[in-house]
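*Asks:* Could you look at this predicted model? Sequence included:
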Amino acid sequence: MSLLEIRDLKVHFPIRRGVVVDRTIGHVRAVDGVSLSVERGRTYGLVGESGCGKTTLGRAVLRLNEITHGEVRFDGRDLAGLDPESMRRERANLQMVFQDPLGSLNPRQNIGSILLEGLQTHGIGGPSEEEAEGLGRRQRRARTAQDQRRRVVAALERVGLSAKALQRYPHEFSGGQRQRIGIARALVLEPDLIICDEPVSALDVSIQAQVLNLLEELQEELGLTYLVIAHDLAVVRHVSDVVGVMYLGSLVEEATGDELYGTPAHPYTRSLMSAVPVPDPTVEDTRERILLAGDLPSPADPPPGCRFHTRCPWRQEERCDTERPELRPLHGVQGSGTHRVACHYAEQILSGQLRPSADQAERIVRGAG
Ligand SMILES: Nc1ncnc2c1ncn2[C@@H]1O[C@H](COP(=O)(O)OP(=O)(O)OP(=O)(O)O)[C@@H](O)[C@H]1O
């Protein structure tokens, strides 16, 4: 069963102007109709270039961004409809790990109090109601403090740190250790879902794999569910069961990692893949390179029809310019049946039946380019 189910999610930010009277003159459509679901105990990787709306989507799930339209169902409950107090209680189950561990950890708080904060906010830890009955107020407080400290130390140990970290401050740790602390801060609340927003992009490549492996180990041990947001395809592939590719506020393709990397069907996914270097320099790179024309359009004024048509080498006038493609199953390709794509012509492009338009053909280069 899906733990997280997002239906037709839209997050539009108003663009305001005016000195005397505040007027809304338009909207940034950061997320514009995304549906996806994340199975319990699995990892959904969301990938796309900067500005496509990945972070906004993650923040909207936690209601850190206001939801303009759509549903966010978490374990069957619609978060979009919750009042602030119910949402606050729900937050212990939905945690976020941020890109920049230093920026997200208060430099003036030691690690112990950073990790305790969530427990105190959510009133987690302490004697059970039954046990508390026979205790005085001071004893109860002491037992709660003891139990919360035990939880904090357990979370630190799970991420490979120890109680020695409690009295130290964020700047005393390396980047990788700080990200471990960020993960421990999420874990201490025993959440079901963790949204990891660019969890390793601020780290050295040599440290990235360690942190990704830790996330995987924790998932196995604790049955965690992850939504991992990253611009780096390699990172997403490493950890994800299902990968979704976002472009200008929409999902353009979704498949298992193997399907997506083996048979990228959407022209945008193909261009993203073709930009990833082949890891072995002794292997000749004979793949097609797709150099996209033009810049990413503004999400305040997205193109009509297929959002990608202004940059697509396979664009077919009329239909692509006017008709917005739905995310639909990809036909004629062997696989798990979960491969979905939002392109009118994906099958014809994959089979080579449809050629790039003449003015775009030179933008597809064979070999190292
Ligand atoms: N609070 C906000 N007000 C107005 N526009 C916003 C706000 N937050 C994000 N945006 C805009 O929404 C779009 C999507 O931004 P978002 O940060 O979600 O993208 P992203 O794919 O996560 O990129 P990055 O990896 O650079 O964070 C961008 O055009 C961004 O400028």
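*Replies:* Arrived safely, thanks for sending.

*Asks:* Where do the strands of the stretch 51-200 of the chain begin and end?
*Replies:* Using DSSP state E, counting those that start in this stretch, the strands of the stretch 51-200 of the chain run over residues 69-74, 77-78, 94-97, 193-197.

*Asks:* Residue numbers of the protein in contact with the ligand?
*Replies:* Taking CB under 6 Å from any ligand atom, the part of the chain that reaches the ligand is made up of 13, 28, 30, 48, 50-56, 231, 299. Where C-beta positions appear, they are placed from N, C-alpha and C, glycine not excepted.

*Asks:* how about the residues you listed, which pair is most distant?
*Replies:* Using CB to CB, the residues of the chain next to the ligand reach their maximum pairwise distance at F13 and H231, which is 20.4 Å.

*Asks:* distance of V205 from the ligand?
*Replies:* 18 Å (CB to the nearest ligand atom, to the nearest Å).

*Asks:* what number of residues lie near that residue?
*Replies:* Applying other CB atoms under 10 Å, we find 8 residues neighbouring V205.

*Asks:* do A234 as well
*Replies:* When neighbours are counted by other CB under 10 Å, A234 comes out with 15.

*Asks:* That one in helix, strand or coil?
*Replies:* Following DSSP: H, G, I helix; E, B strand; the rest coil, the label given to A234 is helix.

*Asks:* Regarding the closest residue to the ligand within the stretch 151-300 of the chain, what is its secondary structure?
*Replies:* In the stretch 151-300 of the chain, the residue that lies nearest the ligand is P299 (4.7 Å; CB to the nearest ligand atom). Here P299 is coil, with the state taken from three-state DSSP.

*Asks:* Wait, it touches G53, no?
*Replies:* Yes. P299 lies in contact with G53 (CB atoms under 8 Å); the separation is 7.0 Å.

*Asks:* Can you work out which residues contact both of these two?
*Replies:* Common contact partners of P299 and G53 (CB atoms under 8 Å, 6 or more residues apart in numbering): 30, 32, 248-249.

*Asks:* Could you dump these into JSON lines and include secondary structure?
*Replies:* Shown next, in JSON lines, are those (three-state DSSP):
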{"residue": "A30", "secondary structure": "strand"}
{"residue": "D32", "secondary structure": "strand"}
{"residue": "L248", "secondary structure": "coil"}
{"residue": "G249", "secondary structure": "coil"}
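
*Asks:* Would you confirm that A155 contacts L187?
*Replies:* Yes. With contact defined as CB under 8 Å, A155 reaches L187; the gap is 4.6 Å.

*Asks:* Nearest to H331 among the residues of the chain next to the ligand?
*Replies:* G48 (24.1 Å).

*Asks:* how about the nearest residue to the closest one, chain neighbours excluded?
*Replies:* Spatial nearest neighbour of G48, excluding adjacent residues (CB to CB, 6 or more residues apart in numbering): M246 at 3.6 Å.

*Asks:* how far away is the one you found from L260?
*Replies:* Noted for M246: a distance of 13 Å to L260, by CB to CB, to the nearest Å.

*Asks:* pLDDT wise, what is L227 at?
*Replies:* For L227, the pLDDT comes out at 98.

*Asks:* you'd agree G176 is up against V211?
*Replies:* Yes. Between G176 and V211 there is a contact at 6.1 Å, judged by CB under 8 Å.

*Asks:* which residues are in contact with both of those two?
*Replies:* Shared contacts of G176 and V211, defined by CB under 8 Å, 6+ apart, are found at L203.

*Asks:* still on that earlier bit, between M246 and L260, which one's more packed in?
*Replies:* Between M246 and L260, counting by other CB under 10 Å, L260 is the more crowded of the two (28 against 23).

*Asks:* helix/strand/coil for the nearest residue to that one once chain neighbours are set aside?
*Replies:* Leaving aside its chain neighbours, L260 sits nearest to V243 (4.9 Å; criterion: CB to CB, 6+ apart). Of the three states, V243 takes strand under three-state DSSP.

*Asks:* any idea how far the residue sitting furthest away from the middle of the chain is from S128?
*Replies:* Relative to the C-alpha centroid of the chain, counting by CA atoms, centre = their mean, G134 is the outermost residue, at 46.1 Å. G134 sits at a distance of 11 Å from S128 (criterion: CB to CB).

*Asks:* what do you get for E221?
*Replies:* In this view, E221 and S128 are 25 Å apart by CB to CB.

*Asks:* residues touching V235, list them.
*Replies:* V235 is in contact with 45, 199-201, 208, 212, 228, counting by CB under 8 Å, 6+ apart.

*Asks:* I'd like to know which of these are buried.
*Replies:* 45, 199-200, 208, 212, 228 (16 or more other CB atoms under 10 Å).

*Asks:* Is it possible to get a markdown table of those residues that adds distance to A265?
*Replies:* Below are those laid out as a markdown table (distance: CB to CB, whole Å):
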| residue | distance to A265 |
| --- | --- |
| G45 | 17 |
| P199 | 27 |
| V200 | 27 |
| Q208 | 28 |
| L212 | 26 |
| V228 | 22 |
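
*Asks:* Show me those that map onto helices.
*Replies:* The members of the buried ones among the contacts of V235 that map onto helices under DSSP state H are 208, 212.

*Asks:* rewinding a little: does the residue nearest to G48 fall in a helix, a strand, or a coil region?
*Replies:* Under three-state DSSP, M246 comes out as strand.

*Asks:* Just to check, it is in contact with V47?
*Replies:* Yes. The criterion here is CB under 8 Å, and M246 meets it with V47 at 7.1 Å.
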